[in-house]
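In: with the input below, show me the fold.
(one chain, ligands or ions: 3)
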Amino acid sequence: MAGIFEWARDLLVSRGALVEAGEAGSLSAMLPSEVAAALSAADWLSLRFGAGAGSDDEGDWLERLGRLLPPGPRVSGARVRIPRALRPIDAAAILDRELVIQNGIYRLPEEGPSSARYYFFTFQYSIESDETSLGLWTTCLNATARSVVPRPELLLNTLGADLEEDPEAEVPREELTRLFAVALAQARPDVRLAARPAEQNANRRMARDSERIHGYYRDLQRQIEKRIARHSDDPAAAEKERSRAAATELDRAAKLGDLERRYSLKIRIEPCDVLAVTLPVREIQARVIRKKAERAARFHWNPALGALEFPWCEGCGVPAHPVYLCDDRVHFVCQACLAPCAACGKIYCRACQPKCRCGAENSRAAEMP
Ligand SMILES: [Zn+2]
Ligand SMILES: [Zn+2]
Ligand SMILES: [Zn+2]
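Out: Numbers count the residues shown, from 1 in each chain. Ligands and ions are numbered 1, 2, ... in the order given. Next up, the predicted model:
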């Protein structure tokens with residue numbers, strides 16, 4: 001799926017690797033030895049994902065990178081103490097009201113009782129510039145319907161006392177790893193947003209400090225210029241002042257470089273823990289239609305929230321709300337994943353193809369700066 005590249009990069013960075021991103025979908029990394037051992041890889045790792053000869057197998061690397069995730073105890077299973085039977089719902093009314101399809105329609109909705117596997121992913125993040133702030137971020141994914149729970153904390157609170165630990169819960173590793181990529185794709189833009197005030201603050205302080213540095217060196221250079229003018233009849237002395245001016249200029253550039261490093265923003269997102277729980281839902285099945293293409297889809301109505309869950313974007317993993325459909329395969333994507341190419345203007349689906357036919361790469365919602 002789209003996103004393995006960013007996921008691999010972030011995961012490796014979070015485990016202390018030095019990572020450099022290369023051409024489309026490729027990265028090289030210097031790994032700490034314990035990470036290399038966990039991956040059964042050499043200390044120098046180079047990976048390339050995507051189509052084309054010589055690219056690495058995504059399934060294989062999902063499994064290997066999955067070994068870097070928190071081990072057993074941090075992934076826990078829970079179950080509902082006494083599952084309650086759910087009353088039927090008015091599927092058509094709910095889809096009409098809550099499922100917003102931007103460029104297509106649905107037909108023939110049918111609903112019935114079902115159950116869904118939910119995963120709560122919690123990430124810890126730090127935003128560092130000259131000061132550091134920390135936070136936690138949680139998302140809840142429904143693996144069965146491939147949808148996102150709109151308010152994960154509310155769901156946890158609502159379930160609250162009804163949940164009990166389920167020591168027998170089996171958490172399929174491969175599913176967990178795939179979902180982790182989706183969860184991380186959702187975490188990134190949100191954490192980026194949370195970093196906005198810190199970034200603005202840092203920018204403000206950096207502007208103030210760099211103005212001070214510019215002022216200081218402006219004065220110095222002015223004095224040197226005056227001295228050069230005074231030494232018009234002494235070429236050796238004037239030359240000495242000129243080299244002093246050059247050194248001063250280098251000094252200024254170094255000071256500005258320091259400043260940029262001090263105020264540059266470093267955002268780290270690390271997996272914290274995962275809670276897996278199976279819950280009863282009402283499932284709505286429907287045909288989703290875009291022009292001449294259609295697909296069978298299922299949507300889950302979450303009884304604990306009394307709300308329909310949104311599918312996540314099949315291009316980048318963020319919640320697709322409203323849902324955009326692609327012409328060929330009726331993918332559910334977000335607006336950014338069906339946007340015109342920035343280079344040639346052609347609209348294409350980021351779930352169908354990772355980059356435009358013209359060769360341009362376009363960033364997806366989950367990667368927006
Ligand atoms: Zn998208
Ligand atoms: Zn293009
Ligand atoms: Zn598509």
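In: drop to CA atoms for contacts and neighbour counts, all remaining ones
Out: Fine.
In: and Ala229, what does it touch?
Out: Ala229 makes contact with Ala238 under the criterion Cα atoms under 8 Å, 6 or more residues apart in numbering.
In: past the helix or strand where it lies, which element shows up next along the chain?
Out: Using DSSP states H and E, Ala229 sits in helix 196-230. Counting by DSSP H and E, the next helix or strand C-terminal to helix 196-230 is helix 235-263.
In: the very next helix or strand once past that next one vs helix 196-230, what angle?
Out: From helix 235-263 onward toward the C-terminus, using DSSP H and E, the following helix or strand is strand 266-290. When axes from the mean of the first three to the mean of the last three Cα atoms, to 10 degrees is applied, the directions of strand 266-290 and helix 196-230 differ by 130 degrees.
In: buried residues, strand 266-290. List them.
Out: Residues of strand 266-290 classed as buried by neighbour count (16 or more other Cα atoms under 10 Å): 267-290.
In: same check on stretch 309-320?
Out: 309-320.
In: before we move on, what about stretch 23-38?
Out: Using 16+ other Cα under 10 Å as the test for burial, stretch 23-38 gives 25-32, 35-36.
In: quick check: residues of the stretch 251-369 of the chain near ligand 1?
Out: Applying Cα under 5 Å from the ion, we find that the stretch 251-369 of the chain lies next to ligand 1 at 313, 315-316, 334, 337.
In: so what's Gly66 up against?
Out: Taking Cα under 8 Å, 6+ apart, we find Gly66 in contact with 173-174, 177.
In: what do you get if the cut-off is 10 Å, keeping everything else the same?
Out: 8, 11, 38-39, 60, 173-174, 176-178, 180 (Cα atoms under 10 Å, 6 or more residues apart in numbering).
In: go on, Leu279?
Out: Taking Cα under 10 Å, 6+ apart, one finds 78-80, 83-84, 114-118, 142, 159, 302-304 in contact with Leu279.
In: switch the cut-off to 8 Å
Out: With Cα under 8 Å, 6+ apart, Leu279 has these contacts: 79-80, 83, 115-118.
In: dump stretch 45-55 to CSV, restricted to CA.
Out: These are the backbone C-alpha positions of stretch 45-55, laid out as CSV (Å, rounded to 0.1, in the frame of the first residue of the first chain):
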residue,chain,number,x,y,z
LEU,A,45,20.3,-0.8,4.5
SER,A,46,19.0,0.3,1.2
LEU,A,47,15.4,-0.2,0.3
ARG,A,48,13.3,0.7,-2.7
PHE,A,49,9.5,0.1,-2.8
GLY,A,50,7.2,0.4,-5.7
ALA,A,51,6.9,-0.9,-9.2
GLY,A,52,9.9,-1.8,-11.3
ALA,A,53,12.7,-4.3,-11.4
GLY,A,54,14.9,-4.7,-8.4
SER,A,55,12.4,-3.2,-5.9
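In: so how far is it from its chain's centroid?
Out: 21 Å (Cα atoms, centre = their mean, to the nearest Å).
In: who touches that stretch?
Out: Residues outside stretch 45-55 that contact it (Cα under 8 Å, 6+ apart): 4-5, 25-31, 56-58.
In: tell me the mean pLDDT for that stretch?
Out: For stretch 45-55, mean pLDDT is 80.
In: most neighbours among the contacts of Leu279, which one?
Out: Tyr118 (23 neighbours; other Cα atoms under 10 Å).
In: now that one: how far from ligand 1?
Out: Using Cα to the ion, to the nearest Å, Tyr118 is found at 21 Å from ligand 1.
In: thinking again about what came up before, the buried residues of stretch 23-38 in strands, which ones?
Out: Counting by DSSP state E, the members of these that fall within strands are 26-30.
In: pretty sure Leu305 contacts Leu155?
Out: Yes. Counting by Cα atoms under 8 Å, Leu305 touches Leu155, with 6.3 Å between them.
In: which residues do the two both contact?
Out: By Cα under 8 Å, 6+ apart, no residue touches both Leu305 and Leu155.
In: residue in the stretch 51-200 of the chain nearest to ligand 3?
Out: Asn103 (13.2 Å; Cα to the ion).
In: who's in contact with that residue?
Out: For Asn103, the contacting residues are 290, 324-325, by Cα under 8 Å, 6+ apart.
In: from those residues, pick the one nearest ligand 1.
Out: When the contacts of Asn103 are compared against ligand 1 (criterion: Cα to the ion), the nearest one is Tyr324, at 9.4 Å.
In: who's the residue nearest to Asn142 when sequence neighbours are not counted bridged to?
Out: Take Asn142 and drop its neighbours on the chain: the residue closest to it by Cα to Cα, 6 or more residues apart in numbering is Tyr118, 4.5 Å away. In this entry, Tyr118 is beta-bridged to Asn142, Val277, by DSSP bridges.
In: any idea how far Arg79 is from Tyr118?
Out: Distance, Tyr118 to Arg79, using Cα to Cα, to the nearest Å: 10 Å.
In: cool, and Ala297?
Out: Taking Cα to Cα, one finds Ala297 at 26 Å from Arg79.
In: now Ala343: closest residue in space, sequence neighbours ignored.
Out: Nearest one to Ala343, counting by Cα to Cα, 6+ apart, is Ala360 at 6.3 Å.
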